[in-house]
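Trainee: Predicted model and sequence below, questions to follow.
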Amino acid sequence: MVSKQNVFIFSIIWVLTACSGVAGNGVPVPTVPAAVTNERIDDTFDHNFQQWARNDAIPPIYDPEFAKASRVDLRDDELVMGVTLGGAAKAYPVTTLQFREMVNDELAGIPILVTW
């Protein structure tokens, strides 16, 4: 009698072998990418897509306020998006970006958009 555990283990081995991309002799099988065409694809999905929020429902942050790294109240494990440019650096907390999604800012005299 075949146990469920043996069937499971055999299934995992079979899937890994089938997905390994090698021929029976252990040599990788090269694949050729499909030719690039200028053919229009079916965009039915785009017409059926429903937005959960109207356009411009989440306003960006303009002129964000910053504090020195030594004075911020962030946990050590809190995620930030860091940007360095021209020797300057800024960090944008992901907790803020989750609610506002975009920050229009300037760094080293260059306008930037930080988006989540």
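Mentor: All right, it came through fine.

Trainee: Any regions of the chain where pLDDT drops low?
Mentor: 1-2, 6-7, 10-26, 40-51 (pLDDT under 70).

Trainee: Can you show me the helices along it?
Mentor: In the chain, the segments counted as helices under DSSP state H are 4-18, 44-48, 94-100.

Trainee: next one: stretch 106-116 to chain centre, how far?
Mentor: 19 Å (Cα atoms, centre = their mean, to the nearest Å).

Trainee: Mind listing what's buried along that stretch?
Mentor: 107, 114 (16 or more other Cβ atoms under 10 Å). C-beta coordinates here come from the backbone N, C-alpha and C atoms, glycine included.

Trainee: Residue 101: how many residues sit nearby?
Mentor: Taking other Cβ atoms under 10 Å as the criterion, the count of residues near residue 101 is 14.

Trainee: quick one: it and residue 92, what's the gap?
Mentor: 11 Å (Cβ to Cβ, to the nearest Å).

Trainee: And for residue 98?
Mentor: Plainly put, residue 98 is 11 Å away from residue 92 if you go by Cβ to Cβ.

Trainee: the more surrounded of these two?
Mentor: Each of residue 98 and residue 92 has its neighbours counted (other Cβ under 10 Å); residue 92 has more, 21 against 10.

Trainee: which ones are touching residue 114?
Mentor: Residues near residue 114 by Cβ atoms under 8 Å, 6 or more residues apart in numbering: 81, 83, 92, 97, 102, 103, 105.

Trainee: nearest to residue 9, of those?
Mentor: Lowest distance from residue 9 to those (Cβ to Cβ) belongs to residue 81, with 42.2 Å.
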